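Novice: got a predicted structure here, sequence first:
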Amino acid sequence: MERTGGDHVPPLAPRSPLYTACVLVLKDLKTESSQAVLPLPKFCARALEERRELQELERKITGTHWSQKPDHDLIFSSEHGGLIDPTGFSRTFDRLVKRAGVRRITVRLARHTCGTLLAFLKVHPKVARAILRHSQISMTMDVYTHMVGDSEREAVGMLAELLEDR
């Protein structure tokens, strides 16, 4: 989240929220790869479709008080169609995690978990980089090097056997 002194952000999509003079606005995403199409599992696509349908209902209920600008095309918005404060989004995420009865993690950690699972599934690092939208492969490899794989376990096991026999 950034606070700046009134920078004007032209209406370009896709963007992410930031503060300008204490007002939430959209800003351009950091990299071109951030704008690439992201393949999703069918259950995720269905969840987004359901969210869009719920938002249409919210729009009808709110009527003339709907505040989403036509060029924003937000899927996740406030109950009146406006931008969601990133802090508020994190609080909502925390409530949903608690309601689901799963261990509490941050949104950032959820992304890291995705990278760890991709490593566990032996997804090639370049493919994982594209999915995670890392601009540098070194960032993806940092996630992968935190993962202890089968080959590392096997190597430590062989080393243990060698040392135990002596």
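Specialist: Everything's here; your move.

Novice: from the middle of its chain, how far away would stretch 115-123 be?
Specialist: The chain centroid and the centroid of stretch 115-123 are separated by 16 Å under C-alpha atoms, centre = their mean, to the nearest Å.

Novice: try stretch 58-68
Specialist: 27 Å.

Novice: stretch 153-163 now?
Specialist: Put simply, stretch 153-163 sits 38 Å off its chain's centre (C-alpha atoms, centre = their mean).

Novice: for residue 84, give me its contacts.
Specialist: Residues counted as contacts of residue 84 (C-beta atoms under 8 Å, 6 or more residues apart in numbering) are 17, 76-78, 92. Using the backbone N, CA and C atoms, a C-beta is placed for each residue, glycine as well.

Novice: any idea how far residue 130 is from residue 118?
Specialist: 10 Å (C-beta to C-beta, to the nearest Å).

Novice: who has more neighbours out of those two?
Specialist: When neighbours are counted by other C-beta atoms under 10 Å, residue 130 and residue 118 differ, and residue 118 comes out ahead with 21 against 15.

Novice: secondary structure element for the more buried one, which one?
Specialist: Residue 118 belongs to helix 107-120 when assigned by DSSP states H and E.

Novice: repeat for residue 24
Specialist: Here residue 24 is covered by strand 23-28, with elements defined by DSSP H and E.

Novice: moving C-terminal from that strand, which element do we reach first?
Specialist: helix 42-62.

Novice: how far out from the middle of the chain is whichever helix or strand comes after that following helix?
Specialist: Counting by DSSP H and E, the next helix or strand C-terminal to helix 42-62 is helix 86-100. The chain centre lies 13 Å from the centre of helix 86-100; the measure is C-alpha atoms, centre = their mean.

Novice: what angle sits between helix 86-100 and helix 107-120?
Specialist: Put simply, helix 86-100 runs at 60 degrees to helix 107-120, going by axes from the mean of the first three to the mean of the last three C-alpha atoms, to 10 degrees.

Novice: appreciated, that's everything.
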